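Asker: How does the following fold in three dimensions:
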Amino acid sequence: MHGLAAGFRKNRTKIWVAAVTLLLVFYLVVSFQRSLLLLSDANLTAKAIGAAYLVLPIVGAWALIRELMFGARTEQMAKVLEAEGGLPVDELPRTPGGRIVRAAADAEFEKYRAEAEAAPDDWRSWFRLSCAYDAAGDRKRARASMRDAVKLFTAAS
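Answerer: This next block holds a predicted model:
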């Protein structure tokens, strides 16, 4: 029983991703089925709604595949960096609530920004910059930097 709990804790994120993915796939299948039912109806309005409704599962499937591939690449890059000893070490001070102290994250960020500017073609520097953005609370730029890291990593592979 202890091994099961430890395995759950270790793979908690993957388990949640799998659960949400299964729910989304179920929703997409039901949406697709309903759109086909509406398309087969004799009423022109129902056909138009069915055609419009058909777009949802197509866009949803595309977004799901894109996000899963992004996550897999990010995990792959993290494993490479971990094997190389290049993952950023999380030694930033935290508030009593567990959040990273913003001033410390901003100071650490400058180090990784300079590294990315010095080596703009190295996916490793963009990966670390993404982690620094995330620690500083800028999720939008963290994701954009990770996308850049993924592009460079894919091109290098």
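
Asker: Determine the longest helix present in the protein.
Answerer: Assignment by DSSP state H gives helix 44-84 as the longest helix of the chain.

Asker: other SSEs contacting that one?
Answerer: Under the contact criterion of 3 or more CB pairs under 8 Å, 6 or more residues apart in numbering; DSSP states H and E, helix 44-84 touches helix 12-39, helix 123-135, helix 139-156. All C-beta atoms are positioned from the backbone trio N, CA, C, and that covers glycine.

Asker: nearest to Ile49, of these?
Answerer: Nearest to Ile49, of all the helices and strands packed on helix 44-84, is helix 12-39, at 5.3 Å by CB to CB.

Asker: Tell me the buried residues in that closest one?
Answerer: Across helix 12-39, burial judged by 16 or more other CB atoms under 10 Å covers Leu24, Leu28, Ser31, Phe32, Arg34, Ser35, Leu38.

Asker: Could I get the average pLDDT for that helix?
Answerer: Taken as a whole, helix 12-39 has a mean pLDDT of 92.

Asker: For that helix, which helices and strands make contact with it?
Answerer: helix 44-84.

Asker: how many degrees apart are the helix it packs on and helix 12-39 in direction?
Answerer: For helix 44-84 against helix 12-39, the angle between stretch directions is 160 degrees (axes from the mean of the first three to the mean of the last three CA atoms, to 10 degrees).

Asker: residues touching the nearest residue to Leu37 once chain neighbours are set aside, list them.
Answerer: Leaving aside its sequence neighbours, Leu37 sits nearest to Gly50 (CB to CB, 6 or more residues apart in numbering; 7.2 Å). By CB atoms under 8 Å, 6 or more residues apart in numbering, Gly50 lies in contact with Arg34, Ser35, Leu36, Leu37, Leu38, Leu39, Ser40, Asp41.

Asker: Can you verify my assumption that the second one contacts Ala48?
Answerer: Spelled out, that is Ser35. No. The pair Ser35 / Ala48 is not scored as a contact, 11.2 Å apart, by CB atoms under 8 Å.

Asker: And the lowest mean pLDDT element among the helices and strands of the chain?
Answerer: Counting by mean pLDDT, DSSP states H and E, the weakest-scoring helix or strand in the chain turns out to be helix 2-10, with a mean of 68.

Asker: Surely Leu28 touches Pro57?
Answerer: Yes. Leu28 lies in contact with Pro57 (CB under 8 Å); the separation is 4.2 Å.
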